[in-house]
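>>> heads up, no residue letters with this:
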C-alpha cells in the first residue's frame, strides 16, 4: 500500500477491524519509511454496475457521486453523514443483488427518494427537485402532495393548505 505522505510502498498493519457491518475491513497502517499513519479499507470486489443516463450515455456506478448528491440534498437537515452512507450502502447492495448489470439512473433516483421519504421531507423535496428537474412551482406542489399522501399526514396544517 502506497503511503499518502511519501509514496513509499512498504507499510505495516497496526490494527484491523470489521467495518460497514462486516462488508469491509478497516486497516490502520504505518509507513515503514516516514512513520506516517493512515487508514485503508478493503472490500469485496463486485461486478461493476453500469448506469444508463437519461441521454443514453452509460457510466460505471459511482457511490461517491451518489453520496455527494445525498449530502447536498440533506444539508442543514440534521441528518448524520453516517446515516446517509448507510443509505448509499443499502442502495448499492440492492443494485448488486439484481440479475442485470445495467440500471437506469431513474431507478436509482427512485430508490433514493424511497429512503429519503422516511428520513426527511425537506431532503426528499430537495433531491426530487434536482432529480426530476422541476420547472416551476407546480412541480413542487405535486411532489409535496404526493409526499403528503405517502407519509400519511392526515389533519396536518401544512403548506399545502395555503396553496391555491
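Nice, I can see it. Keep in mind that what you see is a predicted model, and the values were worked out from it rather than measured.
>>> ok, the nearest residue to residue 83 once chain neighbours are set aside to residue 132 distance?
Distances taken as C-beta to C-beta, 6 or more residues apart in numbering place residue 119 nearest to residue 83, at 7.4 Å, with adjacent residues excluded. Glycine gets a C-beta too; all of them are placed from N, C-alpha and C. Residue 119 sits 18 Å away from residue 132, going by C-beta to C-beta, to the nearest Å.
>>> cool, and residue 125?
Applying C-beta to C-beta to residue 125 and residue 132 gives a distance of 10 Å.
>>> Can you check what pLDDT the model gives residue 21?
At residue 21, the pLDDT value in this model is 76.
>>> Then it would be within a helix, right?
Yes - counting by DSSP: H, G, I helix; E, B strand; the rest coil, residue 21 is part of a helix.
>>> List the residues that contact it.
Listed by C-beta atoms under 8 Å, 6 or more residues apart in numbering, the contact partners of residue 21 are residue 89.
>>> so where is this structure shaky, pLDDT-wise?
151-164 (pLDDT under 70).
>>> just the strands in it please.
Assigned by DSSP state E, the strands in the chain fall at 11-19, 24-31, 37-43, 50-52, 58-60, 102-104.
>>> Okay, now the sheet partners of the second one, with direction.
To tie it back to what came earlier, the one meant is strand 24-31. When pairs are called by DSSP bridges, strand 24-31 turns out to pair with strand 11-19 (antiparallel), strand 37-43 (antiparallel).
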